[in-house]
Structure formats: C-alpha cells, structure tokens
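Student: I'll drop the sequence and a predicted model, then ask my questions.
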Amino acid sequence: MQLHDGIATVRHAHLMLRPDVSRVLFRPFHPDSLRELKIVSRVMSLSEEQSQQRLAELLEDLEERDGQAKGYFLEQFEAVSSNLLTDEVLSDTRKLLIGAYFTQQYSFESAALFNPSLVPHPDQSGLPPGSLRFVVSLRATGEGHLSSITFRCGIVDADGNIEIEAATRFVTAPRLVPMAAYDKLLFERKLQEIGCETELSKLIMESLEDTFSFDALQSSIDLISRRVGITNPDDHPDLRAILLLARSNYEVGFSPGQSLSARVIFPQAPTESAGMEDARFVLFREDNGSRVYYATYTAYDGRVAIPQLLETADFLNFKMSTLNGRAIANKGVALFPRKINGCYVMLSRHDNENIHLMFSDSLHFWHKSQLLLKPTYSWEFVQMGNCGSPIETEAGWLVLSHGVGPLRKYSIGAFLLDRDDPARVIGRLRHPLLTPNEAERAGYVPNVVYSCGAMVHNGVLVLPYAMSDSASTFATVRLADLLNAMTSHL
C-alpha cells in the first residue's frame with residue numbers, strides 16, 4: 001500500500017477475508033421435464049429399505065445440516081411431485097430422497113470475495129467503551145461467475161483495531177416472499193419509464209386497486225388476456241415486461257436465529273439471473289429521525305446491467321426495488337446518507353467516465369444529473385467512479401473515489417464536497433490514497449484496489465477494500481490527516 005499527499009499513516013489491519021470453497025448453500029437442480037420424470041421413476045423403483053439406507057447416507061454426509069436439509073428436500077419434492085405417475089401416498093423417506101435428487105450444493109464464494117461495504121451494525125449492545133460493531137457486506141462469486149451478497153460482523157475499537165467474527169461453514173439463501181403490496185401509481189410510472197405504457201397495460205392496471213399483490217396482478221393479466229384473445233400471455237412482450245417489472249421488486253427474509261455470516265442474498269429476480277454485484281450500503285437518516293439501511297447494487301442478467309435498490313432495517317428482511325431514469329442508467333451509483341435541501345441525492349457515472357451528481361424528490365426515479373468531476377490526474381485518465389456513499393464530516397462530504405489509469409490499474413482516491421451544496425468540490429487528492437502494492441496486484445482482475453463503502457469511527461476512517469477482485473482487507477487512516485491532504489494544496 002503506497003502513501004501520497006503527506007498523509008501521516010495508513011495502517012493495514014493485517015487480516016484478510018478470503019474466498020472459502022467449503023462454504024456452501026443449497027440450490028434447486030431441475031433438468032428438463034423428461035429427465036425429471038426419469039429421475040423420479042428411478043427413485044420410485046427403490047424399495048423402502050433401500051430408500052432409507054440411501055437417505056441415511058446422505059444425511060450423514062451433511063452432518064449438522066440435517067434439519068435444514070430435510071426442509072429443503074421436501075420443498076424440492078413438492079416442486080417435482082407432478083412427475084409422480086400415481087396417487088400413491090409416499091413415506092417421508094421417499095419424499096426426502098426424491099427431493100435430494102433435485103438439490104445441489106453451491107460454493108457461492110469459491111472464486112472471489114471482494115468489493116466490501118461497511119456500515120454500523122443495528123445492535124451496539126455489550127461493547128467495551130469506544131468500540132463499534134459493524135456489518136461488512138461483500139460480493140461473493142462462485143461457479144459460473146455468479147455473484148451474491150454475503151455478510152460478516154466485526155468490531156473496531158477506540159484505537160481503530162479491527163476484529164472480524166469467524167464465518168459459519170454452512171449458509172442459507174433467504175426465503176422469497178411476494179411483495180406485500182405494489183403501489184399502483186409507482187408501478188404505472190415504472191411501466192411508462194420502460195416503454196410499456198400501452199393500451200393493454202392500461203387495461204390491466206385499471207382493473208387493480210391502488211395497492212395490489214402479485215397474485216392480483218397475475219389474475220388481472222389472465223382475465224384481460226382472455227378478454228382480448230391472447231392465448232399465451234408468456235409470449236406477449238407487454239405482458240412479459242409487466243411480470244418482469246413485478247418480479248424485479250420483491251422481498252426476502254432470514255430466520256432470526258441465523259448468524260449474520262450465515263445469510264446470503266442470492267439472485268432471485270430475472271434481472272439478476274447472472275448476479276447481484278457491488279452493493280453499496282449506507283445508513284440513511286430519514287427526515288423524522290428514523291434510520292434505515294439502503295444499498296444500491298447492480299443486477300445483471302448476462303447482457304444488461306441495471307441498478308437496483310435494497311432496503312432493510314435489521315439485516316433479516318430485505319426489500320428489493322427497481323431504480324429508474326436516464327441519469328441512473330449505469331453501474332456504481334451511491335446514495336447520500338440523508339436528504340439535502342429536501343431532495344434525495346446520489347452520485348452516478350452514467351457516461352462511463354465522469355462522476356455526476358443527481359437530485360430527486362423520489363428515491364426510485366432519477367431523471368437529471370450534473371457533471372461533478374472529470375478525470376484530471378494521470379492515475380484516473382481512463383475513468384472515475386465512487387467507492388461508496390459519501391460520509392458526512394464537519395468539513396464536508398467525504399467521498400472515496402476510484403480512478404483507472406494505464407494497464408487498467410485501479411487506485412482509490414478521495415474528494416470533499418460542501419455539506420450544504422454538494423455540487424461544490426472543496427477538496428481533492430492529487431495522488432491516490434491507495435494503489436495496489438506488490439502483494440495486491442495479482443488476482444482474478446490484476447492491479448485493482450476497490451471499495452464499496454467506508455465509515456468513520458472515533459476520528460478514524462475505516463476503509464475495507466478488495467484486492468484484484470479476489471479477496472478483501474482493511475486499512476485505516478486518521479480523518480484529520482486525510483482532510484488536510486485534500487485541502488492543503490488549494
């Protein structure tokens with residue numbers, strides 16, 4: 001790690017968060033319908049005694065996951081039960097065994113564990129004086145380069161020393177629950193935004209209440225389809241777009257008994273089928289003083305990357321929503337932790353090159369932006385971007401940035417914005433805060449240091465960062481020294 005701009009000391013935490021191939025979760029395995037039928041038939045050909053023996057062997061391999069596995073196997077059995085050829089009542093053993101054949105284990109962080117984001121933990125009880133408990137989110141990448149969002153819990157003490165709790169071996173993807181209610185006006189605005197405000201969509205929306213459930217939407221689509229003579233709604237582009245929008249707005253939840261590191265948010269929506277990338281978490285203060293965690297992240301379907309919004313109060317239940325507008329159309333947007341002059345404020349890079357500033361009266365729609373910073377120094381000539389949500393300090397909004405230079409080398413920089421007028425830049429590092437050192441240059445994507453969000457504790461900037469898109473670590477720097485380095489040359 002290299003130092004520039006006279007910053008007194010950048011400390012390394014001497015701990016690494018590395019990908020662990022032994023950490024696995026259950027995923028469905030469903031081949032084509034003919035193969036499903038054959039597999040079910042083969043399991044049914046076993047005797048009850050053979051079925052009991054095979055199931056016992058499977059559960060023994062799973063050790064402490066026995067209880068969790070049984071519940072998941074029964075879910076997978078229900079998903080394929082239509083392949084049964086008779087109405088014969090099956091034993092639990094037989095159901096569990098059939099379900100096991102349609103279950104696979106997935107090593108969700110076997111390839112990389114990177115692009116961390118840091119926020120205070122919602123529970124600060126039982127800590128020594130001067131310490132803070134935090135949540136670090138990470139992008140976990142496994143087989144097929146499929147990315148999900150995973151978590152760790154840690155503590156930073158009064159002197160800036162960092163400890164991370166050991167992660168559990170087994171993890172659980174959350175239960176998917178339908179969105180409790182869609183707001184009709186908001187849904188219609190989103191349909192208009194994606195170019196799906198047609199006569200057919202108007203008929204469907206007119207039949208719905210001011211708030212409606214997914215089941216109500218599906219029933220409306222089926223009813224209107226029959227009325228206008230559409231025999232196969234799945235093949236109609238307008239109807240596909242409406243359902244895609246609905247499925248991109250969803251909720252997931254975990255059991256309160258699960259440790260934080262056992263929770264993994266796995267892709268659920270069609271827009272996320274190839275991954276959920278680079279969550280930038282922020283603890284947001286509402287106008288009424290209440291607080292909620294938001295995170296902007298990138299949903300990727302293998303062709304198109306679009307920004308999404310995550311919301312949680314407790315890291316147990318999460319709500320995912322679409323973001324819309326011309327100014328939001330790129331990766332790497334970051335939300336300010338409170339409204340400024342009555343507006344939500346966000347950083348973006350919708351032109352793939354410069355950092356922009358956006359204001360909106362709606363958290364979900366971003367139509368206008370203004371240029372904030374251009375690449376100016378040689379280490380950022382290719383492009384700039386943010387490294388997480390701005391951090392409010394007495395001196396101004398501290399924004400960590402990344403710059404891309406020759407050989408596609410990523411470095412971390414910083415700049416400072418006026419607290420009341422964030423369109424005004426009042427400080428900026430001329431040289432990187434961090435550049436990849438010899439030990440950090442090799443990895444899945446070489447020559448990269450990158451972060452999705454830091455925080456300040458007790459006058460110290462705590463900065464988690466990824467090394468070459470492979471693993472993650474931490475650095476700390478005194479806030480006063482960093483602020484001085486950004487402004488001393490102005």
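Tutor: Cool, the structure landed.
Student: what's the helix or strand for Met358?
Tutor: Using DSSP states H and E, Met358 falls within strand 355-360.
Student: now the strands for the stretch 51-200 of the chain?
Tutor: Assigned by DSSP state E, counting those that start in this stretch, the strands in the stretch 51-200 of the chain fall at 103-106, 112-120, 132-141, 147-156, 162-164, 175-177, 182-183.
Student: tell me the angle of the second one relative to strand 132-141?
Tutor: What that stands for is strand 112-120. 150 degrees (axes from the mean of the first three to the mean of the last three CA atoms, to 10 degrees).
Student: tell me the angle of strand 112-120 relative to strand 147-156?
Tutor: 50 degrees.
Student: grab the CA positions of stretch 351-368 and hand them over as CSV.
Tutor: What follows is stretch 351-368 as a C-alpha-only set of coordinates in CSV (Å, rounded to 0.1, in the frame of the first residue of the first chain):
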residue,chain,number,x,y,z
ASP,A,351,-21.4,8.2,-19.1
ASN,A,352,-18.9,5.5,-18.1
GLU,A,353,-16.2,8.2,-17.5
ASN,A,354,-17.1,11.1,-15.2
ILE,A,355,-18.7,11.4,-11.7
HIS,A,356,-22.1,13.1,-11.8
LEU,A,357,-24.5,14.4,-9.1
MET,A,358,-28.2,13.7,-9.1
PHE,A,359,-31.1,15.2,-7.1
SER,A,360,-34.6,13.7,-6.9
ASP,A,361,-37.8,14.0,-4.9
SER,A,362,-38.4,10.3,-5.4
LEU,A,363,-36.0,7.6,-4.2
HIS,A,364,-36.9,5.4,-7.2
PHE,A,365,-36.7,7.9,-10.1
TRP,A,366,-33.6,9.8,-11.3
HIS,A,367,-34.0,11.8,-14.4
LYS,A,368,-31.4,14.6,-14.2
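Student: give me the contacts around it.
Tutor: For stretch 351-368, the surrounding residues in contact (CB atoms under 8 Å, 6 or more residues apart in numbering) are 186, 189-190, 193, 309, 321-328, 330, 333, 340, 342-350, 369-375, 383-386, 401, 422-423. From N, CA and C alone the C-beta is placed, and that goes for glycine too.
Student: go through it and flag the buried ones.
Tutor: By 16 or more other CB atoms under 10 Å, the buried positions in stretch 351-368 come out as 354-360, 363-366.
Student: for stretch 34-48, same thing?
Tutor: Neighbour counts over stretch 34-48 (16+ other CB under 10 Å) mark 36, 39-40, 43-44 as buried.
Student: helices - which of the residues you listed land there?
Tutor: With DSSP state H as the criterion, helices contain 36, 39-40, 43-44 from among the buried residues of stretch 34-48.
Student: could you dump these into a markdown table with pLDDT and distance to Ala295 added?
Tutor: Shown next, in a markdown table, are these (pLDDT from 0 to 100; distance: CB to CB, whole Å):
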| residue | pLDDT | distance to Ala295 |
| --- | --- | --- |
| Glu36 | 95 | 36 |
| Ile39 | 96 | 39 |
| Val40 | 96 | 40 |
| Val43 | 96 | 42 |
| Met44 | 96 | 45 |
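Student: got any ranges where this protein has weak pLDDT?
Tutor: Scanning the chain with the threshold set as pLDDT under 70 gives 1-8, 64-67, 490.
Student: any idea which residue sits dead centre in it?
Tutor: Closest to where the C-alpha atoms of the chain average out (CA atoms, centre = their mean) is Ala279, at 4.1 Å.
Student: tell me who's in contact with that residue.
Tutor: Residues in contact with Ala279 (CB under 8 Å, 6+ apart) are 117, 137, 139, 149, 295-297, 310, 452.
Student: which one (most neighbours) among those residues?
Tutor: Cys452 (31 neighbours; other CB atoms under 10 Å).
Student: if we can go back for a sec, now the helix or strand containing the residue nearest to the centre of the chain against strand 147-156, angle please.
Tutor: Ala279 is part of strand 275-285, with elements assigned from DSSP H and E. Following the same axes, to 10 degrees, one obtains 40 degrees for the angle between strand 275-285 and strand 147-156.
Student: after strand 275-285, next one along is what?
Tutor: strand 291-300.
Student: got the angle for that next one vs strand 147-156?
Tutor: For strand 291-300 against strand 147-156, the angle by the same axes, to 10 degrees is 150 degrees.
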